[in-house]
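Colleague: Fold the following and give me the result.
(chains A and B)
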Amino acid sequence: MKNIKLLTLLVIAVLSTEHAFSQSCDSLASICKSYLNTPAKNDSKSVFISDGQTYRAFLDEDQTAEFTTTFYGGSTYRVAASAGTKDNYVIFEIYDKENHLLFSNIDYKNAPYWDFKVESTIDIRIEARLDSNKKSSGCTVLLIGFKQKNRK
Amino acid sequence: MSKKINQFVYLAATAVVLSIAACGDSTNSGDPDITKIDDNLLDTTQNLTVSLKGKIFSIPSPFQTAELIKNSGAPYNSQMLNPPNSVTSYSSRFHKALNLGIYGADLGYVTMYDNTNDALSFLNSVQKLSDELDLGGAFSKEIIDRFSNNLGNRDSMLVIVSDAYRSGDEYLKNNDRHDVAGLILTGGWIEALYFSSNTLNHKKDNEIINRIGEQKTTLSNLIELLENFRNEESYSILVDELIDLYHEFDGIEFTYEYAEPVTDANNQITTFKSKTKVNLTEENLKTISEKVKAIREKIVNSTL
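Modeller: Numbers count the residues shown, from 1 in each chain, chains lettered A, B, ... in the order given. This next block holds a predicted model:
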């Protein structure tokens, strides 16, 4: 009987933590989505369309999530990141395939989103980590959107 | 004595429950007592660490290729799309997921061309497959109604569909169904590449040719993603097909020249000025097109 109780508690622990993590990530995705929905400062009618994916990782302060992707020439992209209610928890950096740092939001007060105009197609690596001065661990969500060109 | 030990174990377990539940997220906003998560606790829950231990993959949206084709001036070509009524022929989870990706790309294509009647047909097929695969209501009645109410407004239609796909992707990842998420991305990618090669049969366009050559990194990402599920025969066959396709990309010459980016901080925009050149021979193009067509036919005909 005691073993059943113990097992039940542990199962509840695991499930509730997973559920809490999932809910936490869900709400962050909503925050990120609101960043994608914000028009560009130099184009009040701009619309960014999600690439259809949600990039998420549970990060500790010494951990970095990274992934490679391709930004097509002639396009404008928006990268948006969130790790909580305040909009400056996440540091994200973009590198080219020769490891040149192309952008870091540290230079802009950890801005939660930034736009990238791409003249020629480029393979990039995006790295995201928590700003350890502001948050030590938690779910981090990142979204990528591209700007619709010929609007109707 | 035994009863006391039982109570102790019960209390200890309760403490574990409460401590785990309490430390799902930790903020340093002025709080001197930073709560650090114990790595050992985190390791007991796979979902918490799967994204970190695994690799994150990114596949560009097939909608961008549809947009490129539309902007090239190529006429609308419904013949190259997977007929919406074929949706009833997909019985396995594997084929449903791949074809959900295919239909998503098709939906993006018809929407780009403002073909609202076809858009609704493809949306119905997408909804059917997403329900059968349980994408957490990503294409709920509310989404379908929103889409229908915005017919004729291309921006809104594309935003609604891409958000629904993103929501489905998120649900699958939350539920540790990365294999299904990977297949949907693969189907969408193959269909977009098929659009490009098919369009070139009717209209030569350098931007479209380059876009085909630029798929090498994405294909590499897809192969790496699907390799995780090779223990299932159908996945293994698909990965082998993609690796065979990847070999064709080895023959393409790429040159990259770094140039310093320019940032306009007031408008929160950075311009990447580096240059990439892709040099595809006619032979490269022909072979890639043939292989993409063959893989795509196997997917839509469920013969993979």
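Colleague: Tell me how far stretch B:228-236 lies from the chain's centre.
Modeller: Distance of stretch B:228-236 from the chain centroid (Cα atoms, centre = their mean, to the nearest Å) equals 18 Å.
Colleague: In it, which residues are buried?
Modeller: By neighbour count on 16 or more other Cβ atoms under 10 Å in any protein chain shown, the buried set for stretch B:228-236 is B:229, B:235. In short, each C-beta sits where N, CA and C put it, glycine included.
Colleague: Is chain A within reach of stretch B:183-192?
Modeller: Yes - legend: contact between stretch B:183-192 and chain A by Cβ under 8 Å from any Cβ of the partner chain is shown at B:185, B:188.
Colleague: wait, doesn't residue A:61 sit right on residue A:138?
Modeller: No - judged on Cβ atoms under 8 Å, residue A:61 makes no contact with residue A:138 at a distance of 9.8 Å.
Colleague: Looking at the two, which is more packed in?
Modeller: residue A:138 (24 against 19; other Cβ atoms under 10 Å in any protein chain shown).
Colleague: ok, residue B:55 - contacts?
Modeller: By Cβ atoms under 8 Å, 6 or more residues apart in numbering or on different chains, the residues touching residue B:55 are A:67, B:224-225.
Colleague: Could you turn the buried ones of these into a ChimeraX selection?
Modeller: Restricted to buried positions by 16+ other Cβ under 10 Å, the ChimeraX selection for the contacts of residue B:55 reads:
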select /A:67 /B:225
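Colleague: Can you tell me which member of the contacts of residue B:55 has the lowest pLDDT score?
Modeller: The lowest pLDDT within the contacts of residue B:55 belongs to residue A:67, with 90.
Colleague: ok, it to chain B distance?
Modeller: According to Cβ to the nearest Cβ, to the nearest Å, residue A:67 stands 4 Å off from chain B.
Colleague: Nearest spatial neighbour of residue B:219, chain-adjacent residues omitted?
Modeller: residue B:246 (5.3 Å; Cβ to Cβ, 6 or more residues apart in numbering or on different chains).
Colleague: average model confidence for the top helix by length along chain B?
Modeller: Scanning chain B for the longest helix, with DSSP state H as the assignment, gives helix B:178-200. Mean pLDDT, helix B:178-200: 97.
Colleague: Report all helices and strands that it contacts.
Modeller: On a contact count with 3 or more Cβ pairs under 8 Å, 6 or more residues apart in numbering or on different chains; DSSP states H and E, helix B:178-200 meets helix B:62-71, helix B:93-112, helix B:154-174, helix B:206-213, helix B:216-227, helix B:233-249, helix B:282-300.
Colleague: Quick one: residues in contact with the fourth one.
Modeller: Outside of helix B:206-213, the residues that reach it under the criterion Cβ under 8 Å, 6+ apart are A:72-74, A:121, B:65, B:68-69, B:72, B:193, B:196-197, B:199-200, B:249, B:252, B:254, B:278-280, B:284-285, B:288-289.
Colleague: Just the buried ones from the residues you listed?
Modeller: Looks like the contacts of helix B:206-213 have A:72-73, A:121, B:65, B:68-69, B:72, B:193, B:196-197, B:199-200, B:249, B:252, B:254, B:278, B:280, B:284-285, B:288-289 buried, using 16+ other Cβ under 10 Å.
Colleague: Kindly list the longest strand within chain A.
Modeller: Criterion DSSP state E: the longest strand present in chain A is strand A:135-147.
Colleague: That one pairs with which strands, and in what direction?
Modeller: Take DSSP bridges as the rule and strand A:135-147 pairs in its sheet with strand A:48-50 (antiparallel), strand A:55-60 (antiparallel), strand A:75-82 (antiparallel), strand B:26-27 (antiparallel).
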